[in-house]
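Peer 1: what follows is a predicted protein model with its sequence.
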Amino acid sequence: MQRRRALRCADRAETVEPSKSNSQAKLEEPPATVKYHQLERLIIVMWTLAAATGAAAGDASSAVDAARAAATTTTATPASTLRHDYFLLGSGSLRATDGLSDLSQQESTSLLALDILADLSYREIRLLGEYVITSDETELERLQLGWEPNENLLLWLGRYHQPSSYWNQRYHHGQYLQTAVTKPRIEEWEDTRGLLPQHMVGMLLESTWQLEQRGAVDVTLGLGIAPALGLDGLDPYSLLHHHDAPSTGAYNFRIDYRPMGGSNGELENSVGLLLSHNEIELTAARRQLSPANFSHIDQNILGAYVDWRFGSWRTLGTIYYVEAKFDVTDGYEPDHFAAAYLEIERPLGARVTTFSRLETFSRTNESRYLSFFPERLDQRLMAGVRWDYARKQALKLELASVKSPNDKFWEMRLEWSVAVR
């Protein structure tokens, strides 16, 4: 897929994700001591990255473009050459709230994260890994073995990000590469209050059709194992550990149209359709502690997205219609809800970018499926500013008004992020 998909951080996108710890140190030291050491190590890593990249302060917009290019493209190399690449994304964030009384909306007031992406290729064979370390957890987010017979076809086996989320396919876990601090609530990962399945284990097929002077069409298809529904929400299948629910299927599809455009003829705009079918089973703990009159959920998702630039303005939005069929003893109990968001971005000079986003949900209180996620929202309206103050480093400030089924509050987020290749 032209080597633009080389690190496959996303199609024309970005980076990496958080992880979960399994260190034996927890058996040897008190939990407070272990957490202190984890934070200490992360702080050292963060400042090491800052020192490595902060000396030069060139044009900020070109620095972002270079980081994105590093995450998604490589130059052509001879077929017999062994090629390797890596990408590191670090971030630290703070959160403050005013008027928050709903305990389900509370989260860590601070978070440190390091996203590590590595790619190895030899002839048509590719190996991609993504590992995330945060102050809360560590996890192997992606591990994919690929076969790329030509620049327009790529087949992966392993753990991947399901393709029917344009946001996550573009940004993955990369805080530096997305303009805002937060991501839309409907696009959250399973281990951070996510409402929809995002991680699959199975097969991922990516293909591109060039349309000469009219642009290109991308088709991405995923066939894998769906997450299960546990006590804390969705529990995706992992290569290192997995839930005790039966393995059931997930089928995800996205088609993109990228017209020719831009000053140099780049394919910078994109529109597309999203389709997904997930067969969600219950974990043993969910069945035992929360007896229910259903055995599993058949989930169907239909969506559409647009990522378009109008001069210096950029709009990025997605709408989802989600149908959930509960397999009860005497048939199926239907349920549904809808979610949508629209983000608008505009640069102010070379270093500063302003952004705002509106997110909204329908049937938040009526949907049985959403009732399994206490952190669900009715609406979120936010605005913020990003300052690329140094080469491959950015500071972001974000203010938001949040309305949940049980509360209405304000929140402020401040984030520092860095990219190293």
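Peer 2: Nice, thanks for sending it over.

Peer 1: what's across from Asp218 in the sheet?
Peer 2: For Asp218, the beta-bridge partners under DSSP bridges are Thr208, Asp256.

Peer 1: what about it, how many residues nearby?
Peer 2: 22 (other CB atoms under 10 Å). To be clear about C-beta, it is placed using only N, CA and C from the backbone, and glycine gets the same treatment.

Peer 1: how about Asp378?
Peer 2: Per other CB under 10 Å, the neighbour tally for Asp378 reads 17.

Peer 1: phi, psi of it?
Peer 2: phi -90, psi -50 (degrees, to the nearest 10).

Peer 1: what's near enough to touch it?
Peer 2: Contacts for Asp378 (CB atoms under 8 Å, 6 or more residues apart in numbering) come out as Thr360, Phe361, Thr364, Lys403, Ser404, Pro405.

Peer 1: excluding residues flanking it in the chain, which one is nearest it?
Peer 2: Once flanking residues are discounted, Asp378 sits nearest to Lys403: 4.6 Å by CB to CB, 6 or more residues apart in numbering.

Peer 1: how close does that neighbour get to Trp416?
Peer 2: According to CB to CB, to the nearest Å, Lys403 and Trp416 sit 28 Å apart.

Peer 1: looking at the two, which one has more neighbours?
Peer 2: Under the criterion of other CB under 10 Å, the comparison of Lys403 against Trp416 puts Trp416 first, with 19 against 16.

Peer 1: hang on, the earlier thing: show me how to select, in ChimeraX, the buried members of the contacts of Asp378.
Peer 2: Written as a ChimeraX command, the selection of buried residues from the contacts of Asp378, which uses 16 or more other CB atoms under 10 Å, is:
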select :360,361,364,403,404
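
Peer 1: in strands, which of the contacts of Asp378 fall?
Peer 2: Mapping those onto strands (DSSP state E) picks out Thr360, Phe361, Lys403, Ser404.

Peer 1: which of those has the weakest pLDDT?
Peer 2: Within the ones in strands among the contacts of Asp378, Ser404 has the lowest pLDDT, namely 90.

Peer 1: isn't that one right up against Arg376?
Peer 2: Yes - under the criterion of CB atoms under 8 Å, Ser404 makes contact with Arg376 at 7.0 Å.

Peer 1: so how many other residues sit close to the residue nearest to Arg185 when sequence neighbours are not counted?
Peer 2: Nearest non-adjacent residue to Arg185, counting by CB to CB, 6+ apart: Leu377, 5.1 Å away. Neighbours of Leu377 under the rule other CB under 10 Å: 23.

Peer 1: what's the residue of the chain most remote from its centre sitting at in phi/psi?
Peer 2: What lies farthest from the middle of the chain is Asp330; by CA atoms, centre = their mean that is 37.3 Å. Main-chain torsions, Asp330, degrees, to the nearest 10: phi -110, psi 30.

Peer 1: all helices of this structure, in order?
Peer 2: Ranges of helices within the chain are 25-28, 31-53, 60-72, 166-171, 284-289, based on DSSP state H.

Peer 1: ok, so of the contacts of Asp378, who is nearest Ser135?
Peer 2: Ser135 has its nearest neighbour among those in Ser404, at 24.8 Å by CB to CB.

Peer 1: bridging residues for the closest one?
Peer 2: Note on Ser404: beta-bridge partners Asp407, judged by DSSP bridges.
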